[in-house]
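Colleague: turn this into a structure:
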Amino acid sequence: MADPTEKVTAPIGSHFLLRWTTDAYVNATNSFHLIDGTTKEFPGRPPKKGISKGDVKVSLSIIKNGKEDGFRVNMPKPGVEEKMKLTPKAVFYHEYTFIFRAKEKAVYQFTVDIPDAKPPQKIIKEVTVVDAEPLNDRRQDMLDLFDKWLPSSVMGAQTIPPGETTDILDKSGWDQTSARSWSMPAPIPPGKVETLPMVAPQQWTQSGLAISANGEGQISAAKASFNNFVLPARQAAWDALSDDDKKKFPRPVEIKITTSCISVMAEFVKLWGNQFTADLNTMMNADPTFYIKAIDEFAKKDPRLPKPGDILYLVKEHNRGFFQHVCILVSRSSEVWVTADGGGGALPDQTAAVVDKPVSFSSGSPPSVPMLASVTDGNNKALHGWVDIDLVPNDKYNQDGSRK
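Modeller: Numbering: from 1, shown residues only. Sure thing, here's the model as predicted:
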């Protein structure tokens, strides 16, 4: 009989996860066995549509190096999503995830026991925590920047490091006070100029096609309002034109939306201090002398992988050419990639933080490449490639990566 235990390896400092599911129609309680011998309970997501098939108790325990251990008292609530299996008859379930940081070398065995499930479930996961690959100075210096500057939030409590006068979002141009402007495209075909609808905390002024606001977040929110509310009506009007009239005007197109991810990552690269020639503000000019394409690497039997400090570029799955998100790798295990990100939140809200991202792999045409969540829209995106910062010119470091 095959060993039912899932076995993974995680370097010290990386993150790994537990994942379990329950029926979407049960009232689940997740009970963690704590290190002091007591338990801590987290109620599960409410039963779907308020219809409960009964109560289900989930028990979670830990063995460390062959001896009973336990979870810490102060721990975050497990994340939960409602998911649906792709079957002829939709089957809904609730999926729970709990992310851990590998702190010390040991062999851990996690057990998730759901005896009340139908059928009963028992998930056993063995995690061997090993030494991490040593980082050179140029990589460690990049990671130290995140310890200093993150987390930060435009709308929430901003983190201003000691000795600094601003947070990383303001420093990268995403303050809420600088006057910005944008001109909305003229109606096609010519007609009345529409008023852009806004919802708090969105705030701008409009005079004809001219939009004025404080901060790039507000201007980007105005552009999103145009795409969501004005553009569909314009496109419908263009579609209703005769074939001859369609030849007179181009079909209205979506406005490109800016989020803070590009600006924040570019600021971190600037703080790191180099002569980086790729334009992070457009994410279109990755230099082939230090840019590694994911499809090239993952076509190999033993692909090299990005290391902490490398700059990751993400695209829509199966879209090989248009970058949609950029972030910097902090740590990597087989299950969770941790990245430093800007973006996130509905515009004009933006955040900058270190984020856990469970990794999956793309489907369809080979080779499969890693899929990571973009904080900008919450959707998984494919790894297009990464900048290997060991190859990036930076006169602060010797050729071996040590500081001069």
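
Colleague: what's around residue 95, how many residues?
Modeller: Using other Cβ atoms under 10 Å, residue 95 is surrounded by 16 other residues. All C-beta atoms are positioned from the backbone trio N, CA, C, and that covers glycine.

Colleague: give me the sheet partners of whichever strand or helix holds it and which way each runs.
Modeller: Per DSSP states H and E, residue 95 falls inside strand 91-101. Strand pairing for strand 91-101, using DSSP bridges, gives strand 15-23 (antiparallel), strand 79-85 (antiparallel).

Colleague: can you list the buried residues in stretch 152-171?
Modeller: 152-154, 159, 167-171 (16 or more other Cβ atoms under 10 Å).

Colleague: got JSON lines for those residues, with distance to residue 294 and pLDDT too?
Modeller: Shown next, in JSON lines, are the buried residues of stretch 152-171 (distance: Cβ to Cβ, whole Å; pLDDT from 0 to 100):
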{"residue": "152", "distance to residue 294": "29", "pLDDT": "87"}
{"residue": "153", "distance to residue 294": "30", "pLDDT": "83"}
{"residue": "154", "distance to residue 294": "31", "pLDDT": "77"}
{"residue": "159", "distance to residue 294": "32", "pLDDT": "85"}
{"residue": "167", "distance to residue 294": "32", "pLDDT": "92"}
{"residue": "168", "distance to residue 294": "27", "pLDDT": "94"}
{"residue": "169", "distance to residue 294": "29", "pLDDT": "91"}
{"residue": "170", "distance to residue 294": "33", "pLDDT": "90"}
{"residue": "171", "distance to residue 294": "30", "pLDDT": "89"}
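
Colleague: what residues of the strand holding residue 95 count as buried?
Modeller: So strand 91-101, judged by 16+ other Cβ under 10 Å, has buried residues 93-100.

Colleague: hmm, back to that, ranking the strands paired with strand 91-101 by burial, who's on top?
Modeller: With neighbours defined as mean count of other Cβ atoms under 10 Å, the strands paired with strand 91-101 peak in mean count at strand 15-23, which reaches a mean of 21.

Colleague: from the contact counts, what lies against the helix or strand just after it?
Modeller: Moving toward the C-terminus from strand 15-23, the next helix or strand (DSSP H and E) is strand 27-33. Packed against strand 27-33 by the contact rule (3 or more Cβ pairs under 8 Å, 6 or more residues apart in numbering; DSSP states H and E) you find strand 39-43, strand 55-64.

Colleague: elements contacting the first one?
Modeller: In this case it means strand 39-43. strand 27-33.

Colleague: show me how far the strand it packs on is from its chain's centre.
Modeller: 27 Å (Cα atoms, centre = their mean, to the nearest Å).

Colleague: quick one: strands adjacent to it?
Modeller: strand 39-43 (antiparallel), strand 55-64 (parallel).

Colleague: closest one to residue 176 among these?
Modeller: strand 39-43 (35.6 Å; Cβ to Cβ).

Colleague: sorry, back to before: using CSV, lay out the buried residues of strand 91-101 together with pLDDT and distance to residue 373.
Modeller: Converted to CSV, those look like this (pLDDT from 0 to 100; distance: Cβ to Cβ, whole Å):
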residue, pLDDT, distance to residue 373
93, 92, 20
94, 94, 19
95, 94, 14
96, 95, 17
97, 94, 12
98, 94, 17
99, 94, 13
100, 93, 18
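
Colleague: quick one, helices of this structure?
Modeller: 137-149, 168-171, 216-225, 231-239, 243-246, 260-272, 294-297 (DSSP state H).

Colleague: how distant is the strand holding residue 95 from the center of its chain?
Modeller: 17 Å.

Colleague: with stretch 75-83 instead?
Modeller: With Cα atoms, centre = their mean, you get 16 Å for stretch 75-83.

Colleague: likewise stretch 42-51?
Modeller: 26 Å.

Colleague: just the buried residues of it, please?
Modeller: 42, 44, 47-48.

Colleague: what does stretch 129-145 give?
Modeller: So for stretch 129-145, counting by 16+ other Cβ under 10 Å, buried means 129, 132, 135-139, 141-143, 145.

Colleague: contacts for the strand holding residue 95, please.
Modeller: 13-25, 28, 30, 44-45, 48, 58, 60, 78-85, 127, 336, 356, 358 (Cβ atoms under 8 Å, 6 or more residues apart in numbering).

Colleague: what is the neighbour count of residue 395?
Modeller: 9.

Colleague: just residue 204 next, same as before
Modeller: Neighbours around residue 204, by other Cβ under 10 Å: 20.

Colleague: I figured it was touching residue 217, is that so?
Modeller: No: at 10.5 Å, residue 204 does not count as touching residue 217 under the criterion of Cβ atoms under 8 Å.
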